[in-house]
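*Asks:* I need the structure of the sequence given here:
(chains A and B)
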Number of protein chains: 2
Amino acid sequence: MSEKLDIIVVGAGVFGLASAYHLQKKNPSKKILLIDRLADAGQANTAMSAAAVRNTFSSRTNQILTDTTIDFYIDVQENLKFDLDLQLVGYLWLLTEKQLADPLNKKWMEKMDANKIKYELYEGENLKRKLPELSMKVSDNEEARIMNLEDIKAGLFGVKCGILDPSKLVSFYKNEFARISKVKPMFNTEVEELILEPPNKLGVPGEPFIWQDPSVVGVKTADGEIRGDTVVMAAGTWVNKLTDPTGIDGRVKVKKRQLFRVSTEGSQSLKSILNVKSFNKFNSLPFTVLPRGVYLRPVRQEESFWVGCADKLNRPFKYVQTEDDWKSEQNYFEQSMYPVLSAYLPAFKDVRPASGWAGAYAYSYDAVPYVYKEAGMIFATGDSGSGIMKADAVGRMVDALYRGEKTTTLHGGVKIDTGTLSIGNRKVEKEEVLI
Amino acid sequence: MSEKLDIIVVGAGVFGLASAYHLQKKNPSKKILLIDRLADAGQANTAMSAAAVRNTFSSRTNQILTDTTIDFYIDVQENLKFDLDLQLVGYLWLLTEKQLADPLNKKWMEKMDANKIKYELYEGENLKRKLPELSMKVSDNEEARIMNLEDIKAGLFGVKCGILDPSKLVSFYKNEFARISKVKPMFNTEVEELILEPPNKLGVPGEPFIWQDPSVVGVKTADGEIRGDTVVMAAGTWVNKLTDPTGIDGRVKVKKRQLFRVSTEGSQSLKSILNVKSFNKFNSLPFTVLPRGVYLRPVRQEESFWVGCADKLNRPFKYVQTEDDWKSEQNYFEQSMYPVLSAYLPAFKDVRPASGWAGAYAYSYDAVPYVYKEAGMIFATGDSGSGIMKADAVGRMVDALYRGEKTTTLHGGVKIDTGTLSIGNRKVEKEEVLI
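*Replies:* As a prediction, the model looks like this:
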């Protein structure tokens, strides 16, 4: 790079893309480079995602981030006519009596009520009518009893929720950014290190010393150094690897997440579940969450479900994502997910996945993203597995922080304090509704 | 271990010791095992510490934790007649004009005022008279100018602050615990893994599965398994190593910290600094913090200073403490600390340390400790470099959490919500005054 850049966005996942797009839109004269180690944008964890969207969080901040982001995607698809394959099929949580009585879940519903997040509660027979293939009563099933599975009492249905095609969303941001950007993105270029430098460098080994005031002034790649006034750190599960050597805390923890594709082929019952007519105009199963966190994501163009589960205990936290995190584990499906799935939805009995894949979540400590500035670098990290549904709001907050605006205007004119997702003055509640 | 334990405290550093002591005191019938990989208690980072105490934090929570802990240590020494070598020599921050004007420091002073944390401000000539060896004006010094060092304008003196002997504090807690405990502590015994198990174990490989409800039921050591109803996790900088494989976030980040011993031998000026009469009844230099974070800890029985610095940028964050973190770096003293030290205190000119050592801090994300329960385990971690001065309060909170008390009574009858240091309902301000 011969000329100096204004902004370098590290990572072309959905947070990096949305940041680059909104930065360029609001700072048209700035030279913004988007850089990623893979061959194209959105090829890492963004591509591995279940690609669902929901505004049904417990934390007010997450509600705002997702609600405005979903509204933006609706706008992109309906008004800008850019197809994202966004289908608001809804989210359906199937809840046991214990879950309904759990104070955390009660608080969740109260917070959705208070903030006008739309949901419906289908109880008992009402739920059974909507989803006849569901075994609500499992307590008379011997295997289910051994597993401590409990009867389902109700379904909580989130309305402004659904699914989209992540590759189309990536294309939208990538193309829109390319249209207005002055700098060609660099792919196949891994950022190996951050350059931490004081303003008046002495050229002595060991710099920067404690009496200097260094900041991040660029990145090192295999092809050489690239310098820019501001680095936007959107490296997801690899952020610690880049920031921690500089003494800046990357502040995410990484956990592997898997998805398995189960085809409906040859099973009328599975087809009935996938194409159930009672929930939405798409005649599609909503994104459905069973007790114990096993979830089904409808993929009707493939006549399939993606089955996932955000396992908590016994699934290690890591510092950075490793090669192992790209491999799905058939055993995990068989031993952990399958017994739950087939107990509540007997149509899945003896069904096995045709394929599986894996990625990882970059958890923040409260499962709300980070947007803050440190050592000259703007962080857009900690998506905590819900990056796609928060990306547009995060991108706008990155831009506002860059421009020094105290308030960020999100899609639809919703205002949020630009410091909300910061570290020093972080004022967010820990998210309690994770999947 | 043939009989089942009630509590296993992992780590005999100061958090583990204070927890074991307060747990045993309030639960006299319980069998409590203290376990550590080293040959005795307090031999790792507790022993490497600068062993200073101060109540002059910016966060209200840290103020309460330290103020009551210091009061307890005063009580131990004065009333229980157990010598801790506690000397309230004070803490002296030497501040530049820029530091005095910094909104964060203004807020710090306001918060100390509001909460009756006693400090004094010595300005200009007043400070110079108290510490004549101090070069307050460095702006006419060529080297200092290259380093961007600024003139000192004032000294902020924390009153209920000072130093103690960490080995004596460790002895106090260890002996008092031994006196009332029913179980002999195990030293030289490394906890290699936590045992995560469901209540109704099936004996199938891969357990626990997602439909089980596992919790931590004990620890694995080279000599076999040890089981207990509650595990107290006080492993400091090694907590991630133990907890993360189970899927529980260890939630600390680790950073190396060094101390260098500089003798006053042969220098009348250095002796005058060490034995300065104007600050306290001990005729001792207070624990003194120079601009850029270089600090001096008086060690009068060794006729020495310990010189340290909590370097931030360019000092890597780590996941767990490694072997490297036990080695001090002569270069770090020479290039980073010495230039600052000798600029403000020219008596240090050409002086080099006789020895050095290193340990590591286990930072929490807001530099306030963690006390919370997760998967059946109680965490007492995230001391963030101020474990000694918070230990007694943390130990009492661990006990209150164990007994299910909503409110913890700290030394002196001060009440604090037992959930204050938790994750889910954490209501603490990020600490801004770190050294």
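*Asks:* OK, contacts around the residue of the stretch 51-200 of chain A at minimum distance from chain B?
*Replies:* Residue of the stretch 51-200 of chain A nearest chain B, by CB to the nearest CB: residue A:147 (4.3 Å). For glycine as for every other residue, the C-beta is placed from the backbone atoms N, C-alpha and C. Listed by CB atoms under 8 Å, 6 or more residues apart in numbering or on different chains, the contact partners of residue A:147 are A:339-340, A:343, B:211-212.
*Asks:* tabulate those (TSV), appending distance to residue B:383, pLDDT and secondary structure.
*Replies:* Formatted as TSV, these follow (distance: CB to CB, whole Å; pLDDT from 0 to 100; DSSP: H, G, I helix; E, B strand; the rest coil):
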residue	distance to residue B:383	pLDDT	secondary structure
A:339	42	97	helix
A:340	40	97	helix
A:343	45	98	helix
B:211	37	95	coil
B:212	33	94	coil
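*Asks:* now the two most distant members of those residues.
*Replies:* Spanning the widest gap among the contacts of residue A:147 are A:343 and B:212, at 13.9 Å by CB to CB.
*Asks:* how's chain A carved up into domains?
*Replies:* Taking automatic domain parsing as the reference, chain A has its domains at A:5-65+A:167-252+A:365-417, A:91-159+A:253-363.
*Asks:* to the chain's geometric centre, what's the distance from the longest one?
*Replies:* The chain centroid and the centroid of domain A:5-65+A:167-252+A:365-417 are separated by 15 Å under CA atoms, centre = their mean, to the nearest Å.
*Asks:* and stretch A:80-93, by the same measure?
*Replies:* Relative to its parent chain, stretch A:80-93 has a centroid offset of 15 Å by CA atoms, centre = their mean.
*Asks:* return the set of buried residues in it.
*Replies:* Within stretch A:80-93, the residues that count as buried by 16 or more other CB atoms under 10 Å in any protein chain shown are A:82, A:84, A:86-93.
*Asks:* and which of those is nearest residue B:240?
*Replies:* The closest of these, once distances to residue B:240 are taken by CB to CB, is residue A:93, at 31.8 Å.
*Asks:* which SSE is that closest one in?
*Replies:* Per DSSP states H and E, residue A:93 falls inside strand A:91-96.
*Asks:* residue A:331 sits in which helix or strand?
*Replies:* Following DSSP H and E, one finds residue A:331 within helix A:330-332.
*Asks:* tell me the SS of the closest residue to residue A:111 other than its chain neighbours?
*Replies:* Of all residues not flanking residue A:111 in the chain, residue A:58 sits nearest, at 5.6 Å (CB to CB, 6 or more residues apart in numbering or on different chains). For residue A:58, the secondary structure call by DSSP: H, G, I helix; E, B strand; the rest coil comes out as coil.
*Asks:* can you get me a residue count around residue A:58?
*Replies:* By other CB atoms under 10 Å in any protein chain shown, 22 other residues sit near residue A:58.
*Asks:* for it, give me its contacts.
*Replies:* Neighbours of residue A:58 in contact, by CB under 8 Å, 6+ apart: A:104, A:107-108, A:111, A:429, A:431-433.
*Asks:* most neighbours among those residues, which one?
*Replies:* Busiest of these [other CB under 10 Å] is residue A:108, holding 22 neighbours.
*Asks:* that one: what's its closest spatial neighbour, skipping adjacent residues?
*Replies:* Nearest non-adjacent residue to residue A:108, counting by CB to CB, 6+ apart: residue A:58, 4.3 Å away.
*Asks:* quick one: the helices in the stretch 51-200 of chain A?
*Replies:* Assigned by DSSP state H, counting those that start in this stretch, the helices in the stretch 51-200 of chain A fall at A:60-78, A:97-101, A:103-114, A:124-130, A:142-146, A:166-180.
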